[in-house]
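Enquirer: what follows is a protein structure lacking sequence information:
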Ligand SMILES: C[C@@](CO)(OP(=O)(O)O)[C@H](O)COP(=O)(O)OP(=O)(O)OC[C@H]1O[C@@H](n2ccc(N)nc2=O)[C@H](O)[C@@H]1O
Ligand SMILES: Nc1ncnc2c1ncn2[C@@H]1O[C@H](COP(=O)(O)OP(=O)(O)O)[C@@H](O)[C@H]1O
């Protein structure tokens, strides 16, 4: 008997090199102006056809460094929800699938790992089931699954308005080098947004309507020192309040040679910008010597690609 068909899709984690957050909206969300940068820490989802109509999930952690508690392995997993969304949109009566998630992005780390799994599952199931959904339809389903899911499909660098789902790709032709410091714990995104509302209560908070053009120019030029001066994250004070230990790690990164450091999204992962690849690798080594976990990565990295395509899109210049 032939082996059941499988499709593997790879998607990137992200950092937000700029994240401006507006006031709390009546729907419980905040409008943002975000500059997303996909980085070279990838999730993979392999979707394998099942004879039944159940959705099964398994997970592996090849690098052996992710706390896996807190990841639901049932219908609440974002990858399972993505598979259901494809089946229902395509009107498939029997849509059984086994989803295997290979996890590398820190869990509840502010790097959009669950969103990357959802994006990968959308594309993998669409291909596995020959569901025929267009990229625009997949992007629509992605936005219904979470604010960051559309960017995980797209990858590269993009400005995000609305809740982060209204995306415009932005030119970032030069590879930038970063060091990520994951924490051994997670932070809950809704709690970080709630903390920022509390910290800013009584102040007038503007609706963000556009991303900072200085950031866009620095990305377009690959100007790391200009970029270092304008990295901003409105969620950072809230993340530091919830996880005060991050302050010493931020200080260590800059003391050890980072051009700048910031909390990634809702945290607690920290992202340090390095001058070049050699500086990133030296910084990661120095941080590890001081007892921190540290990974050198680059961005932009490409968005969702099926496994057979993974070498076909390496278009970024160093
Ligand atoms: C903060 C950011 C920055 O990119 O990412 P993470 O750092 O979590 O990865 C995003 O805004 C997170 O996006 P994502 O994690 O997809 O959010 P969702 O699942 O859609 O929403 C989870 C909860 O976060 C809050 N939320 C999310 C997005 C947004 N623009 N405003 C919000 O207030 C809401 O409380 C919402 O119920
Ligand atoms: N496939 C998934 N991977 C990780 N977390 C998931 C997944 N599906 C659902 N979740 C839930 O989403 C929460 C946030 O996940 P994650 O995307 O890792 O972090 P963040 O929102 O900080 O980027 C997790 O704590 C978990 O409860």
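Expert: Received it, and whenever you're ready, just let me know what you need. The shown structure was predicted, so the numbers you read here are calculated from the model rather than taken from an experiment. Ligands and ions are numbered 1, 2, ... in the order given.

Enquirer: interface residues of this protein facing ligand 2?
Expert: Residues of the chain lying close to ligand 2 (Cβ under 6 Å from any ligand atom) are 70-72, 77-79, 101, 107-115, 117, 186, 189, 266. The way it works is simple: take the backbone N, C-alpha and C, and place the C-beta from them, glycine included.

Enquirer: how does it look with 8 Å?
Expert: 59, 70-72, 76-81, 101, 103, 105-118, 146, 148, 186-189, 265-267 (Cβ under 8 Å from any ligand atom).

Enquirer: got the domain boundaries for this protein?
Expert: 6-170, 176-299 (automatic domain parsing).

Enquirer: which one of those domains lies closest to ligand 1?
Expert: With Cβ to the nearest ligand atom as the measure, domain 176-299 is the member of the domains of the chain nearest ligand 1 (2.2 Å).

Enquirer: closest residue of the stretch 51-200 of the chain to ligand 2?
Expert: residue 114 (2.9 Å).

Enquirer: surely that residue is in a strand?
Expert: No. The assignment for residue 114 (DSSP: H, G, I helix; E, B strand; the rest coil) gives helix, which keeps it out of a strand.

Enquirer: which ones are touching the closest residue to it other than its chain neighbours?
Expert: Distances taken as Cβ to Cβ, 6 or more residues apart in numbering place residue 78 nearest to residue 114, at 4.4 Å, with adjacent residues excluded. By Cβ atoms under 8 Å, 6 or more residues apart in numbering, residue 78 lies in contact with 114, 115, 117, 118, 121, 145, 146, 149.

Enquirer: wait, isn't the first one in contact with residue 146?
Expert: Spelled out, that is residue 114. Yes. Using Cβ atoms under 8 Å, residue 114 makes contact with residue 146 at a distance of 7.4 Å.

Enquirer: neighbour count: these two, which is higher?
Expert: Between residue 114 and residue 146, counted using other Cβ atoms under 10 Å, the more crowded position is residue 114 (26 against 21).

Enquirer: bridging residues for the residue nearest to residue 210 when sequence neighbours are not counted?
Expert: Excluding the flanking residues, the one nearest residue 210 by Cβ to Cβ, 6+ apart is residue 33, at 6.1 Å. The partner list for residue 33 in beta bridges (DSSP bridges) reads residue 20.

Enquirer: any idea of the pLDDT on residue 95?
Expert: If you check residue 95, the pLDDT there is 87.

Enquirer: can you check residue 309 too?
Expert: pLDDT, read off for residue 309, is 51.

Enquirer: can you give me the strands for the stretch 101-250 of the chain?
Expert: 157-161, 166-169, 176-181, 232-233 (DSSP state E, counting those that start in this stretch).

Enquirer: now the angle from the third one to strand 157-161?
Expert: Put simply, strand 176-181 runs at 70 degrees to strand 157-161, going by axes from the mean of the first three to the mean of the last three Cα atoms, to 10 degrees.

Enquirer: neighbouring strands of strand 176-181 in the sheet, and parallel or not?
Expert: strand 270-274 (antiparallel), strand 295-299 (antiparallel).
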